[in-house]
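S.K.: Can you look at this prediction? I've put the sequence above it.
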Amino acid sequence: MPKIEKPEDAPLAFQAAWNAHDMEAFGGLFDADATFVNRFGHYVRGVDEIVALHAPLHETLYSDSALSNELISAVDISDQAAVVHFWSRLSAGAAHPAGPHQVDTLILAVVVKQGRGWRIRALENVTLTNPRTGEPVLRDR
């Protein structure tokens, strides 16, 4: 199961749980009272709601998807909290109604120290779009 041992681990731990389509591992990354805003602006609170939001997607349209995450920055707020920004590229597969395609997002996560590790307390995912047209765009890598 992926773990967040330091704030900088959050992007790859999130990626590993997503790509395994393992909702127990995915839920294990979050604080019990975490908040999550998906790329469509849907807000949920609590790890059970976060998993409930994602589980049906991983059983259907994202069942063959993969994420590729890249750390932008991890900035300590205190010795118990940090803000982490990372790029995320979702590669949807044939299971998606729109067929194979990619979507780039920018994720902001607040992580908090719990025991020897860290958990996500809040996460917001923003789809990259062209401000003039509203069309999704892929960033240059």
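M.R.: Done, it's in.

S.K.: ok, residues contacting stretch 60-69?
M.R.: Residues outside stretch 60-69 that contact it (C-beta atoms under 8 Å, 6 or more residues apart in numbering): 11-12, 14-15, 18-19, 21, 58, 86-97, 107. For every residue, glycine as well, the C-beta is placed using N, CA and C.

S.K.: Please apply the same query to stretch 31-43.
M.R.: In contact with stretch 31-43 (C-beta under 8 Å, 6+ apart) are residues 30, 44-47, 49-50, 53, 103, 105, 112, 114, 119-127.

S.K.: Quick one: buried ones out of those?
M.R.: 30, 44, 47, 50, 103, 105, 112, 119-125, 127 (16 or more other C-beta atoms under 10 Å).

S.K.: what's the farthest-apart pair in those residues?
M.R.: Across the buried ones among the contacts of stretch 31-43, the longest distance by C-beta to C-beta is 27.9 Å; it joins V103 and V112.

S.K.: pLDDT at the residue of the chain most remote from its centre, what is it?
M.R.: Most distant from the centre of the chain: R132, at 26.1 Å, with distances by C-alpha atoms, centre = their mean. The per-residue pLDDT reported for R132 equals 87.
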